[in-house]
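Novice: Need coordinates for the below:
(one chain, ligands or ions: 2)
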Amino acid sequence: MRILAIESSCDETAAAVLHGERRVLSSVISSQIALHAPYGGVVPEIAARHHLAQIEPVVAEALSDADLELKDIEGIAVTRGPGLIGCLLVGLSFARALAFARNVPIVGVNHLEGHIASAWLETPDLPYPALALVVSGGHTALWRHPGPGRFQLFARTRDDAAGEAFDKAAKMLGLAYPGGPIVDRLAALGDPHAVRFGEIRIKDGPAFSFSGYKTAVRVHMQKTSMAALEHPDDTPPKAMLDLIASFRHAVVRELLRRTREAIRAERPRSLVLAGGVAANKLLREQITKVADEEGLALSIPPLRYCGDNAAMIGRAGITRLLAGENDIELLEAAASLPLGS
Ligand code: KG4
Ligand code: ZN
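Specialist: Ligands and ions are numbered 1, 2, ... in the order given. Coordinates of the predicted model:
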């Protein structure tokens, strides 16, 4: 079965073509990062309008990269939530119209399930039950994943998502948007033990919390009279590099502390890292150690599948399309869409 997948939940317009569960024939991503950078975050109206302009050419490119035409497509998978409602509607309406016009089945996919499913694109034989650490700009959670399509929440963040914490800390320091990749690059130049970020204690856990670290960055800047960079391209002073390195170290340490707890409680056979923050170098290194120590199979997405993309949506959706499912009658966008139970 050859399917078209579409993703438009946030600031990437993406389309992909998959052949069965294992082959990605094309994956096109049109990022809007540069459009939103002057505002320091994603502006929903601008994002939706840009999706509208990009969706048709992005789908056309995905088909042509796969050497296929629309008539060759036997099913469609599309993100239906969670995300920005105006953005979701663009991809969903386009996908529904195609499904009606071509008379092919369509399934709506949860964006987070897509991030997790990208692990099976890379590592098709990854064993279940799995434990998935999903870390992005909007979400940070650990999910038990006993089998395809089944998810149970183990822990989620009580406040900021990990990516959001990286982006907000970067903003305070005067770095460009999105700050995550910049913090990651600069952290390599500082001393991760220079500034102390204490362990985060949470009552009624297990859960994550990152807003305290954001405050800790601000307090440290005040105490040491550290000014934010005047221009995002300025070279940060050594003291700022040390703060950045210590901050990254602390966020990664917290993510992996909870991950270890979950492994000991759940005894999964494999560990999955997914979401935009999965691009973080230190996190990739350290989670590899955790998996080794705990004797687990591990899947870390290649960089092209860390951020939002449509191949992951196709991978999550095709299993249901192959099983003969069709959501055409009930498919609606949902800004907040829970995953599993
Ligand atoms: O999954 P994603 O593309 O979009 C959401 O669904 O949120 O994740 C984007 C987030 C942003 O917060 C970005 O700063 C963060 O992922 N990010 C990183 C890195 N690359 C992207 N955070 C830390 N280190 C990185 N290398
Ligand atoms: Zn995402």
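
Novice: Near ligand 2, which residues of the stretch 101-250 of the chain are found?
Specialist: Contacts of the stretch 101-250 of the chain with ligand 2, taken as Cβ under 5 Å from the ion, map to Ser136. Quick note: C-beta positions are derived from backbone N, CA and C, even for glycine.

Novice: buried sites along stretch 24-35?
Specialist: Residues of stretch 24-35 classed as buried: 24-30, 32 (neighbour count, 16 or more other Cβ atoms under 10 Å).

Novice: Just send those back as CSV, with secondary structure and distance to ligand 1 too.
Specialist: Formatted as CSV, the buried residues of stretch 24-35 follow (DSSP: H, G, I helix; E, B strand; the rest coil; distance: Cβ to the nearest ligand atom, whole Å):
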residue, secondary structure, distance to ligand 1
Val24, strand, 18
Leu25, strand, 22
Ser26, strand, 19
Ser27, strand, 14
Val28, strand, 15
Ile29, strand, 10
Ser30, strand, 13
Gln32, coil, 11
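
Novice: For ligand 2, state which of these is nearest.
Specialist: Ligand 2 lies nearest to Ile29 out of the buried residues of stretch 24-35, by Cβ to the ion, at 11.7 Å.

Novice: from what I can see the closest one touches Cys306, true?
Specialist: No: if you go by Cβ atoms under 8 Å, Ile29 and Cys306 don't touch, sitting 11.2 Å apart.

Novice: ok, Arg102 touching Gly75?
Specialist: No: counting by Cβ under 8 Å, Arg102 stays clear of Gly75, with 9.6 Å between them.

Novice: which of those two has more neighbours?
Specialist: Between Arg102 and Gly75, counted using other Cβ atoms under 10 Å, the more crowded position is Gly75 (24 against 16).

Novice: nearest residue to Ala15 other than its sequence neighbours?
Specialist: What sits nearest to Ala15 in space, not counting adjacent residues and going by Cβ to Cβ, 6 or more residues apart in numbering, is Ala62, at 3.8 Å.

Novice: Help me confirm that that neighbour comes into contact with Thr13.
Specialist: No: the criterion here is Cβ under 8 Å, and Ala62 misses it with Thr13 at 10.6 Å.

Novice: who's more crowded, these two?
Specialist: Thr13 (30 against 25).

Novice: is that one in a bridge, and if so with what?
Specialist: Ser30 (DSSP bridges).

Novice: Starting from Val134, give me the distance back to it.
Specialist: Remark: distance between Thr13 and Val134 (Cβ to Cβ, to the nearest Å) = 22 Å.

Novice: mind listing the helices in the stretch 101-250 of the chain by residue range?
Specialist: 111-122, 162-173, 179-187, 211-223, 238-266 (DSSP state H, counting those that start in this stretch).

Novice: which residues touch Arg102?
Specialist: Residues in contact with Arg102 (Cβ atoms under 8 Å, 6 or more residues apart in numbering) are 70-71, 73.

Novice: which is the next helix or strand following whatever helix or strand the residue nearest to Ala15 lives in?
Specialist: According to DSSP states H and E, Ala62 maps onto helix 44-65. Using DSSP H and E, the helix or strand that follows helix 44-65 in sequence is strand 75-81.

Novice: What would that next one look like as CSV? C-alpha coordinates only.
Specialist: Output in CSV follows, covering the C-alpha atoms of strand 75-81 (Å, rounded to 0.1, in the frame of the first residue of the first chain):
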residue,chain,number,x,y,z
GLY,A,75,-4.6,5.9,1.5
ILE,A,76,-4.0,9.1,3.4
ALA,A,77,-2.8,9.8,7.0
VAL,A,78,-3.1,13.2,8.5
THR,A,79,-2.3,14.8,11.9
ARG,A,80,-5.6,15.7,13.6
GLY,A,81,-4.2,17.0,16.9
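
Novice: Return the list of strands paired to it, each annotated with direction.
Specialist: Counting by DSSP bridges, strand 75-81 is paired with strand 2-7 (parallel), strand 106-110 (parallel).

Novice: Columns pLDDT on top of the buried residues of stretch 24-35, output as CSV?
Specialist: Putting the buried residues of stretch 24-35 into CSV (pLDDT from 0 to 100) gives the following:
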residue, pLDDT
Val24, 98
Leu25, 98
Ser26, 98
Ser27, 98
Val28, 98
Ile29, 98
Ser30, 96
Gln32, 90
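
Novice: Sweet, I'm off.
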